[in-house]
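In: Sequence unavailable; structure follows:
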DNA sequence: CTGAGTTATTTGTAAATGCAAATAATGAGG
DNA sequence: CCTCATTATTTGCATTTACAAATAACTCAG
């Protein structure tokens, strides 16, 4: 056990990076990335989201998101549309190909949860997830203090 | 609560990113970064580590580490030395300035733990950290499966 | 004591990322 | 209807990062 093992930010980052790396490797042959999956998952829950909305739900920077969506559009996974209600905004829509990819990745994501949480009881898993949400909330708006 | 809120990798990444961002902002005026802090903390525990050793304990890629250490050397925080025992290796040593910075950041890191874990009991915090280590271990070597 | 194979670190290079400035469109006053 | 302040997205650019190739030094068999 290393010296940094006591630090929460380190433990968090380390575990997150490892899961992300494994997941990424698995979906790469499908032409997907972790970020692409995040966008697809968000659109799966609700299609036609705006960029700013996606930024919020995926925690991906808007500028990064723009370029990510550029790529996804080129791959035919999503389509941009001007929002009818407010023409400043763009709405994103999963194409049939996008939805097909979502259906393929959904079970993979589920399997990864299982692997990552191997040895955890249902209750322990819930506690962990709740703790991570609390942590996130605890850091909310701390940047201006 | 967003649609991704059920996914562990997302929760992990999101919480980790937020803590990292807040911590980074706090130590930036000192001329430090999260990565610099990781190296300093590792050297605080044991000075004279090799690059490969640091890679292991900090989870920072070796090539990234090389350039990070380049910068730290320029700032006078650490000094590279050829390992006397094995001249292929380089050992890293904190300078007085490096140790001074470590002493300054240590309490900041401790404070961040407190803020992040606000509302957590001692026991809950321990459970969370243990869970994160288990998670990390669960993903060990999964990449070749 | 020399060459083949191994280990440690650095460098080359291309992709990802994030901030800040630029662009585009809205809405409210006058 | 203009103009100004606001909101939404994109683009410019400099930094960070990671993989892979290059370098350097070790080990050991012959």
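Out: That came through fine. It should be emphasised that the depicted structure is a prediction, and the values quoted were computed from it without experimental measurement.
In: Now for the most centrally placed residue in chain A: which residues touch it?
Out: The structure's chain A has its C-alpha centroid closest to residue A:38; by CA atoms, centre = their mean the separation is 3.2 Å. Neighbouring residues of residue A:38 by CB atoms under 8 Å, 6 or more residues apart in numbering or on different chains: A:58, A:60, B:4, B:10. C-betas here are computed from N, CA, C, even on glycine.
In: Who is the closest residue to residue A:90 other than its chain neighbours paired with across the strands?
Out: Excluding the flanking residues, the one nearest residue A:90 by CB to CB, 6 or more residues apart in numbering or on different chains is residue A:80, at 5.1 Å. Beta bridges link residue A:80 to residue A:92, judged by DSSP bridges.
In: Tell me if I'm right that residue A:80 and residue A:92 touch.
Out: Yes: counting by CB atoms under 8 Å, residue A:92 is a contact partner of residue A:80 at 6.2 Å.
In: where's residue A:52 relative to residue A:80, distance?
Out: 14 Å (CB to CB, to the nearest Å).
In: and what of residue A:23?
Out: Taking CB to CB as the measure, residue A:23 falls 26 Å from residue A:80.
In: Comparing the two, which shows the higher neighbour count?
Out: The neighbour count for residue A:23 versus residue A:80, taken as other CB atoms under 10 Å in any protein chain shown, is higher for residue A:23 (25 against 14).
In: need the residues of chain A near DNA strand C, please.
Out: Residues of chain A lying close to DNA strand C by CB under 7 Å from any atom of the strand are A:33, A:35, A:60, A:61, A:63, A:64, A:67, A:68, A:86, A:87, A:88.
In: Out of those residues, list just those in strands.
Out: In this view, the residues of chain A next to DNA strand C have no member that belongs to strands under DSSP state E.
In: For burial, what's the neighbour tally of residue A:130?
Out: 11.
In: now swap in residue A:55 and tell me
Out: For residue A:55, the neighbour count with other CB under 10 Å is 17.
In: For the residue lying closest to it once chain neighbours are set aside, give me its contacts.
Out: Leaving out its chain neighbours, the residue that sits closest to residue A:55 by CB to CB, 6+ apart is residue A:62, at 4.9 Å. By CB under 8 Å, 6+ apart, the contact set of residue A:62 is A:51, A:52, A:55.
In: and which of those residues is nearest to DNA strand C?
Out: residue A:55 (9.7 Å; CB to the nearest atom of the strand).
In: neighbouring contacts of stretch A:73-84?
Out: Contacts of stretch A:73-84 (CB under 8 Å, 6+ apart): A:31, A:36, A:39-40, A:43, A:48, A:50, A:69, A:72, A:89-95, A:97-98, A:101.
In: which residues of chain A score low on pLDDT?
Out: Along chain A, segments meeting pLDDT under 70 span A:1, A:141-145.
In: What ranges does it have for its helices?
Out: Secondary structure of chain A (DSSP state H): helices at A:8-27, A:34-45, A:51-58, A:62-74, A:96-116, A:122-138.
In: With distance to residue B:132 as new columns, can the ones you listed be given to me in CSV?
Out: Listed next are the helices of chain A as CSV, based on distance: least, CB to CB, whole Å:
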stretch, distance to residue B:132
helix A:8-27, 4
helix A:34-45, 19
helix A:51-58, 22
helix A:62-74, 26
helix A:96-116, 11
helix A:122-138, 8
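In: neighbours around residue A:126, how many?
Out: The local packing of residue A:126 (other CB under 10 Å) involves 11 other residues.
In: let me fix that: residue A:119
Out: Each residue near residue A:119 was counted by other CB under 10 Å, and the total is 9.
In: what residues are up against residue A:98?
Out: When contacts are counted by CB under 8 Å, 6+ apart, residue A:98 touches A:40, A:43, A:72, A:76, A:77, A:78.
In: redo that, cut-off 6 Å
Out: A:77, A:78 (CB atoms under 6 Å, 6 or more residues apart in numbering or on different chains).
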